[in-house]
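Undergrad: Please find the sequence and the predicted model below.
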Amino acid sequence: MRLTKLKRSGVALILTFGMLGPASSQITHRDNRGNPFTDLKRLAAVRQISVQNLTVLTDAVGIEFCKERYGNGYKVYPDPNGRRGQFLSDKGHTFSLYARSELRGDGIYAEHSQVLITFPNDPDVEVETTQFITGFVNSKMFSGVFSDGVCSGKFSVVDAK
């Protein structure tokens, strides 16, 4: 019985990879790249992040906790004293990108990222956040969703003026 389950899993995995898309699609896995919100080549160094639809995922905290943690948005820029993949916000957040993969095909850009964030109200604690980002290739606007296991929400990214 165990071998049968293993065969089924293997077939499902092969089918999943087989259906990824046409040869023109591009899948890239990148560790420690320079931008936790989109490809650095498409946006200016300073980006405006807008946060919407915050939701609490646990009974341990209320929505005010998530609002204090993420607010409704901030500007993000590369950390001048950090290594590649480190960013700061104008409200005191720090971001350290540690895993990233992307998919480009048929004019669409999609990214999955994992970022460690410290928040202004608790700078000694790093929180792991998972985010999914989508947009059109060569666009200057992207949007996505994120979760840290306690709070989740939607966000949009544009060049900051």
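TA: All right, it came through fine. Residues are numbered from 1 along each chain as shown.
Undergrad: Distance of Gln114 relative to Gly82?
TA: Noted for Gln114: a distance of 17 Å to Gly82, by C-beta to C-beta, to the nearest Å. In short, each C-beta sits where N, CA and C put it, glycine included.
Undergrad: so what secondary structure elements neighbour the top strand by length along the chain?
TA: Looking only at the chain and at elements set by DSSP state E, the strand with the highest residue count is strand 122-136. Under the contact criterion of 3 or more C-beta pairs under 8 Å, 6 or more residues apart in numbering; DSSP states H and E, strand 122-136 touches strand 108-119, strand 141-147.
Undergrad: That strand to strand 108-119, inter-axis angle?
TA: Taking axes from the mean of the first three to the mean of the last three C-alpha atoms, to 10 degrees, strand 122-136 and strand 108-119 form an angle of 170 degrees between their directions.
Undergrad: can you list the residues that contact stretch 48-58?
TA: In this structure, residues lying in contact with stretch 48-58 by C-beta atoms under 8 Å, 6 or more residues apart in numbering are 37, 62-63, 65-67, 70-76, 89, 147, 149-160.
Undergrad: Which ones among those residues lie within strands?
TA: Among the contacts of stretch 48-58, the members that lie in strands (by DSSP E) are 73-76, 89, 147, 151-159.
Undergrad: Sounds good, over and out.
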